[in-house]
Every structure is written in C-alpha cells, then in structure tokens.
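S.K.: below are the sequence and a predicted model; questions follow.
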Amino acid sequence: MDSLFSEIFGCYYKVIEEIVNNSPLTEEEIKNIINENGFAESCFHLLPKLEILPFIEKKGDKYYSLLENKIKMPLTKIEKSWLKSVSQDVRFDLFSEDFDKSKLAETEPLYEQAQFKYYDKYSDGDDFGNFNYQKSFRRINEAMDNKKVVKIIYQSPKRNRVTVGHYIPLKFEFSPKDDKFRFFAARVLEGRISDYVFLNMGRVLEVRNSHENYDVELNFEVHIEKFDCAEPIEVEIYDERNAIERFMVEFSAYQKNSEFDDEEKICRTKIYYRNNDETEVLIKLLSFGPTIKVLGPQTFLNWFKYRIFKQGEMVKKEYGNYSKNT
C-alpha cells in the first residue's frame, strides 16, 4: 500500500464495503447505498456481480455477508505519513487518548511542525499538554457526544472568583489568533435551561459528574444567535497585491456574502461574526492596510478609524514627524 492512488480506495470498493458492513440488506437498500456512493450507472454494473461474489450470499429477499469481521480499509504509506505529522500537533492528544503513536515509530512524517511559522498570534495560548486541561477537555467532549449534564468548576477572567455551574456542552470553537479553545454550552438550573453561554477551556478548573437532569428540548441554533453581531461589517477589497485571495483565506472561518465587480476590480464583502470576535476581526482588517476600505456599520467604522489614529500617534511618539527632506 505504498501508492498514493489505489483502486481499492475507488468508488466500487467503497460501495462493497458499505454493503458488507451493513448486511443483511434488501435489494432496495443496496440500491440506495450504490446510488449514494456510486455513479449513475453503478447499479447496472454492481447488482449482477453480487450474485457471484464469494463473500456475499442471498437468502430469500436479503443479501448476507459471509465474512466474520467487517471490512477495514488499510492505510497507504502517505496516509500514515500524514497521520504521523498530525499526531505531532500539541492538540492531537485532546481528541485521541487511546491512539498508539508507537505504531508509527518507523513512519517518516509528511511534514514537521517546525516547518510552520505563525505570525499575529498571542503567546498566552492554552496549555494543551497540561494533564488537567486534557482530562477536562475529554470529559466535555464526551458530554457533547451524549448530551450529558456536567458540573464545571470555572475561574473568572480576572482569576479572582471561582464559580460552579451545571452545563450541557454543545460545540467547541478554536481561535487560531488566540490559540485557545472555547465551547458553547447550555446552563442547567433545576431541570431547566436557564441560559446559553460561551466558556473558555483554559479557565475550566475541573469537570465532574452532575446530578442535574433536563427535560426540555435544546435549541442550539436559535440561542446562539444572541452572540452574533447586530450588523455585518461591509468591506471593499481592491485587486492589489493578491489582497482578495489573501482576504478570503484570512476570513475563511467566517460567514461571508461576497460580490465581485469586474469593471472596478473590487470585491465587496459582508462579514458576519460573533461579538466576542470583534477585536480579532478588527486586527485582521487592519493588517490589510490600504488594500481594503471599511464601509460600515458606522459604530465599527468609527472604532476602525480610532485604531488607525492611535497607531499613527504611537508612530509619531516613537519616531517623531519626518518630512521628505529629513
């Protein structure tokens, strides 16, 4: 399995894998699997072959697998190399407690973490390698999978107060600039959802089992809207210094609505963001300099102008006023 491309990872092999692993199946159920994973003509080619495959047997109106175990696709050499590289990331252990890295000891990594240089990132990111951090992260992740209530002991931002609450963790978010995880959760009080909040993983001191239960439906999408900005930021990006492409990459994690004017060579974009991310969005926009123009809303535009003014004042204070003749 040293080749990057192999026929066993092709469409038909995937279809047979699904059929074997989900048997027994009726012909109609098999057709649905083929249509979902194959091509328009796949049923025509594959259905007759099922009658002659040595590991599939038809009994009555159903097809049964004669294999003792389910099919597991082997990894190619390049997949192992990629996995070796990913496993070297400091966040990998948060999601893979039982992963045996020794099995990749002889594998050459596809790339090294040292090859990446990060800019515009805060230096006080979460301590992903901390034992208590990993333990809390996994318990919260498990609670998300099972929609389970957990008791969370949490430290305030100023580290002057510790609170205890019962929550149903719902969704993780990661900020590359902050290098931190946070999660969206429903606060539970006396069997009812009292509020929806964002909590920072780095401030979680401990996660315990909770005696709380809840008997109401979780409405994740509706309640998360209260964290969204009232109005999107409207921006013009000029087709200079590859600015449009860089802008789309930089804001790839944000919901956007973009239009490109072929005549003026300008991209007009609306950026939708969370209120907690407003400062991060501002800093990202400032980094594009004269290749963008912020159009609104007015409150954000005023803040944007103020930050430019403050930067100018800082430059004057540091270097003084220089004329062309200086």
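M.R.: Arrived safely. Numbers count the residues shown, from 1 in each chain.

S.K.: mind giving me the packing neighbours of the host helix or strand of Glu245?
M.R.: Taking DSSP states H and E as the criterion, Glu245 maps to helix 243-250. Counting contacts by 3 or more Cβ pairs under 8 Å, 6 or more residues apart in numbering; DSSP states H and E, helix 243-250 is packed against strand 233-238, strand 255-261, strand 266-272. All C-beta atoms are positioned from the backbone trio N, CA, C, and that covers glycine.

S.K.: highest average neighbour count across the ones you listed?
M.R.: strand 233-238 (a mean of 20; mean count of other Cβ atoms under 10 Å).

S.K.: now distance to Glu97 and mean pLDDT too, for the helices and strands packed on helix 243-250, in JSON lines please.
M.R.: Shown next, in JSON lines, are the helices and strands packed on helix 243-250 (distance: least, Cβ to Cβ, whole Å; pLDDT from 0 to 100):
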{"stretch": "strand 233-238", "distance to Glu97": "40", "mean pLDDT": "93"}
{"stretch": "strand 255-261", "distance to Glu97": "33", "mean pLDDT": "88"}
{"stretch": "strand 266-272", "distance to Glu97": "35", "mean pLDDT": "91"}
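
S.K.: Serialize those strands to a markdown table and add fields for distance to Ala186.
M.R.: Shown next, in a markdown table, are the helices and strands packed on helix 243-250 (distance: least, Cβ to Cβ, whole Å):
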| stretch | distance to Ala186 |
| --- | --- |
| strand 233-238 | 29 |
| strand 255-261 | 22 |
| strand 266-272 | 23 |
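
S.K.: of the ones you listed, which is nearest Lys31?
M.R.: Closest of these to Lys31 is strand 255-261, at 37.0 Å (criterion: Cβ to Cβ).

S.K.: can I get the CA coordinates of that closest one in PDB?
M.R.: Extracted as PDB, the C-alpha positions of strand 255-261 are listed here (Å, rounded to 0.1, in the frame of the first residue of the first chain):
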ATOM      1  CA  GLN A 255     -19.700  33.500   7.200                       C
ATOM      2  CA  LYS A 256     -19.500  36.000   4.300                       C
ATOM      3  CA  ASN A 257     -21.500  37.300   1.400                       C
ATOM      4  CA  SER A 258     -19.300  38.500  -1.400                       C
ATOM      5  CA  GLU A 259     -19.700  40.100  -4.800                       C
ATOM      6  CA  PHE A 260     -17.000  40.900  -7.400                       C
ATOM      7  CA  ASP A 261     -17.200  43.900  -9.600                       C
END
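
S.K.: what does it contact?
M.R.: Under the criterion Cβ atoms under 8 Å, 6 or more residues apart in numbering, residues 232, 244, 248, 266-273 lie in contact with strand 255-261.

S.K.: chain center to the strand ranked longest in the chain, what's the gap?
M.R.: Determined from DSSP state E, the single longest strand within the chain is strand 162-175. What separates the centre of strand 162-175 from the centre of its chain is 16 Å, taken as Cα atoms, centre = their mean, to the nearest Å.

S.K.: next, the angle strand 162-175 makes with the next helix or strand after it.
M.R.: Next in sequence after strand 162-175, counting helices and strands by DSSP H and E, comes strand 180-189. Interaxial angle, strand 180-189 versus strand 162-175 (axes from the mean of the first three to the mean of the last three Cα atoms, to 10 degrees): 130 degrees.

S.K.: which other helices and strands does strand 180-189 contact?
M.R.: Judged by 3+ Cβ pairs under 8 Å, 6+ apart, strand 180-189 is in contact with helix 131-146, strand 162-175, strand 192-200, helix 220-224.

S.K.: alpha carbons of it, as PDB, please.
M.R.: Presented in PDB, the C-alpha positions along strand 180-189 are these (Å, rounded to 0.1, in the frame of the first residue of the first chain):
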ATOM      1  CA  LYS A 180      -7.400  28.800  22.600                       C
ATOM      2  CA  PHE A 181     -10.500  26.600  22.700                       C
ATOM      3  CA  ARG A 182     -13.800  27.800  23.900                       C
ATOM      4  CA  PHE A 183     -17.100  25.900  24.000                       C
ATOM      5  CA  PHE A 184     -20.800  26.800  23.700                       C
ATOM      6  CA  ALA A 185     -22.900  25.400  26.500                       C
ATOM      7  CA  ALA A 186     -26.400  25.400  27.900                       C
ATOM      8  CA  ARG A 187     -26.600  26.300  31.600                       C
ATOM      9  CA  VAL A 188     -29.000  23.900  33.600                       C
ATOM     10  CA  LEU A 189     -30.700  25.000  36.700                       C
END
